[in-house]
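> Coordinates only, no sequence provided:
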């Protein structure tokens with residue numbers, strides 16, 4: 001799935017990291033196929049994310065990535 005422009009992603013509102021598919025996650029800035037798959041795998045293995053900060057527990061995601069993703073994601 002091609003990356004949406006940042007303005008389009010912001011306009012669409014936050015994406016739920018607890019419900020999004022791999023394709024939807026890949027539409028986010030800084031998220032490629034490996035990271036999107038890792039988010040889904042973590043969610044399946046450990047249950048829903050309680051907060052956006054919980055993304056730091058996912059392989060390939062560090063504090064800087066969480067900071068960059070914060071405006072685009074939610075846990076709703």
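Ah, there it is. From a predicted model like this one, the values you see are computed outputs, not experimental measurements. Numbers count the residues shown, from 1 in each chain.

> starting at the chain centroid, how far to the longest helix along the chain?
Ranked by number of residues, the top helix in the chain under DSSP state H is helix 33-46. Remark: helix 33-46 is offset 9 Å from the chain centroid, using Cα atoms, centre = their mean, to the nearest Å.

> Packing partners of that helix?
helix 22-26 (3 or more Cβ pairs under 8 Å, 6 or more residues apart in numbering; DSSP states H and E). Where you see a C-beta, it was placed from the backbone N, CA and C, and this is true even at glycine.

> got a list of contacts for the helix it packs on?
Helix 22-26 is touched from outside by 1, 3, 15, 17, 31-33, 35-37, 39-40, with contacts defined as Cβ atoms under 8 Å, 6 or more residues apart in numbering.

> Now it: buried residues?
Within helix 22-26, the residues that count as buried by 16 or more other Cβ atoms under 10 Å are 22, 24-26.

> follow-up on the earlier one: buried by neighbour count, from the contacts of helix 22-26: which ones?
Neighbour-count burial (16+ other Cβ under 10 Å) is assigned, among these, to 15, 17, 31, 35-36, 39-40.

> possible to save those as JSON lines with pLDDT and distance to residue 70?
Listed next are the buried ones among the contacts of helix 22-26 as JSON lines, based on pLDDT from 0 to 100; distance: Cβ to Cβ, whole Å:
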{"residue": "15", "pLDDT": "96", "distance to residue 70": "12"}
{"residue": "17", "pLDDT": "97", "distance to residue 70": "11"}
{"residue": "31", "pLDDT": "95", "distance to residue 70": "13"}
{"residue": "35", "pLDDT": "97", "distance to residue 70": "15"}
{"residue": "36", "pLDDT": "97", "distance to residue 70": "17"}
{"residue": "39", "pLDDT": "98", "distance to residue 70": "15"}
{"residue": "40", "pLDDT": "98", "distance to residue 70": "19"}
